[in-house]
Every structure is written in structure tokens, then in C-alpha cells.
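Asks: give me the fold of what follows.
(one chain, ligands or ions: 1)
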Amino acid sequence: MIAVFHMEDRFYAIDDFCPHQGASLAGGWVHEGCVACPWHAWRFNLEDGAWLDNPKIKVETYPVTIQGDDILVELP
Ligand code: FES
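Replies: Purely as a prediction, here's the structure:
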């Protein structure tokens, strides 16, 4: 599962799985380049997936491109 966010003029794609207890990050709140997990508010940088309290812990991020009306997420 991948969560896609639209912030200002960019799209971001990250794993939709919080490494704390597995909540869906897609239901989180986006603010200032980060998403806050809806369960316990761990915050992750949308650019590199780093947890703000300990950047050694990250969620995977994926490149996003726009083609017309389609949002394309590049998977490994
Ligand atoms: S499950 Fe995400 S912060 Fe706890």
C-alpha cells in the first residue's frame, strides 16, 4: 500500500504503513512538508520519509511523475 499526498504543487508517495504500530499514513494530517500519523502523531518528512524525532527511521518514498491527468508512482 502506498499513500499519495498533494502538497502545494507537488505529489509525494510514501509507504502507507507507520513503522510504530502500522497505522495508515494516508489518513494523517499534512503540514509543512510532513505527514502526522493519525494514531499517535509520529511525523514523517514527505521528501525523504524520515521520522522527525529520529531520522534514522524512515518510511520508503517513491518518485512521482505527472502525465496528463495521471499520477505515476515509480516502484522498485
Ligand atoms: S501507529 Fe503511527 S504513530 Fe503510532
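
Asks: what's near enough to touch Pro76?
Replies: Tyr62 (CB atoms under 8 Å, 6 or more residues apart in numbering). Any C-beta I mention is one placed from the backbone N, CA and C, and that applies to glycine too.

Asks: measure the residue with the largest distance to the centre of the chain to the ligand for me?
Replies: With distances taken as CA atoms, centre = their mean, the residue sitting farthest from the centre of the chain turns out to be Gly68, at 22.4 Å. Remark: distance between Gly68 and the ligand (CB to the nearest ligand atom, to the nearest Å) = 34 Å.

Asks: for this protein, which segments count as strands?
Replies: Using DSSP state E, the strands of the chain run over 2-7, 10-15, 29-31, 34-36, 43-45, 50-51, 54-58, 61-62, 64-67, 70-73.

Asks: export these to TSV and tack on mean pLDDT?
Replies: Rendered in TSV, the data for the strands of the chain read as follows (pLDDT from 0 to 100):
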stretch	mean pLDDT
strand 2-7	96
strand 10-15	97
strand 29-31	95
strand 34-36	98
strand 43-45	98
strand 50-51	98
strand 54-58	96
strand 61-62	98
strand 64-67	96
strand 70-73	97
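
Asks: alright, calling it a day.
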